[in-house]
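Chemist: quick one, what's the 3D model for this:
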Amino acid sequence: MYAMLDVTAPLLPAGKPRYLMGVGAPEDLLEGVARGIDLFDCVLPTRLARNAALFTRQGRINLRNARFERDPARRGRLRLQHVPAVYAGVPAPPVQGEELLGYRLATIHNVHFLLQLMRDIRAAIAQGGFPP
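Modeler: Residues are numbered from 1 along each chain as shown. Presented below is the predicted three-dimensional model:
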C-alpha cells in the first residue's frame, strides 16, 4: 500500500482533498499523512473494539489476553469482567464477561484515540514538525 501511495498520491490534483478508503490503523494513518493523504475512513477501530482490542501509544493490546486477568498492577484484576478499570492509562472495558458496555467503551476509546492522533498530526504539521 505504501509503495502504491508513493506512486499515486503525487498524481492527484494539488489543492484537493486526498482520500484513502478502508485504512484505519494508527501506523497507516501516520504513513498515509506522510504521503499526502488528507482523509481516511475505516471500520477497523470499531471491529477491533468488538474483539476487545485497544489502540495505545505503545501499540495494540488485546484485553482478552490472560495477562490482563492476572496483572498485579491492577487492583481488583478479576473485576475486569464487570467494571471499567485503567491499564497503562487506557480504559479496560469489561470484555471478559461479554458485556455490551465493554464493547461500547472499547469503541469509544479507539475512535477517541484516532481522533487525538489526527489532532496531534495536524498540530505537528502546523508547527512544521511532521513528518519527524
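
Chemist: what about stretch 10-20, start to end distance?
Modeler: In stretch 10-20, first residue to last residue: 14 Å (C-alpha to C-alpha, to the nearest Å).

Chemist: tell me the average confidence for it?
Modeler: Averaged across stretch 10-20, pLDDT comes to 94.

Chemist: pull the longest helix from the protein.
Modeler: Among the segments of the chain that qualify as a helix by DSSP state H, the longest is helix 100-126.

Chemist: just the endpoints, please. Distance across stretch 20-39?
Modeler: Terminal residues of stretch 20-39 lie 6 Å apart, using C-alpha to C-alpha.

Chemist: so where do the strands sit in the chain?
Modeler: Residue ranges of the strands in the chain, as given by DSSP state E, are 19-21, 39-41, 53-54, 61-62, 85-87, 90-92.

Chemist: what residues does the first one touch?
Modeler: Residues from elsewhere that reach strand 19-21, judged by C-beta atoms under 8 Å, 6 or more residues apart in numbering: 5, 32, 37, 38, 39, 40, 41, 42. For every residue, glycine as well, the C-beta is placed using N, CA and C.

Chemist: ok, now which ones touch residue 45?
Modeler: Residue 45 is in contact with 24, 55, 107, 110, 111, 113, 114, counting by C-beta under 8 Å, 6+ apart.

Chemist: dump those into TSV; add pLDDT, distance to residue 100 and neighbour count as well.
Modeler: TSV is the format used below for the contacts of residue 45 (pLDDT from 0 to 100; distance: C-beta to C-beta, whole Å; neighbours: other C-beta atoms under 10 Å):
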residue	pLDDT	distance to residue 100	neighbour count
24	95	22	21
55	94	20	25
107	90	10	18
110	93	16	24
111	94	17	15
113	95	20	17
114	96	22	19
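
Chemist: can the residues you listed go into a markdown table with extra columns for distance to residue 127?
Modeler: Formatted as a markdown table, those follow (distance: C-beta to C-beta, whole Å):
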| residue | distance to residue 127 |
| --- | --- |
| 24 | 25 |
| 55 | 24 |
| 107 | 31 |
| 110 | 26 |
| 111 | 25 |
| 113 | 21 |
| 114 | 20 |
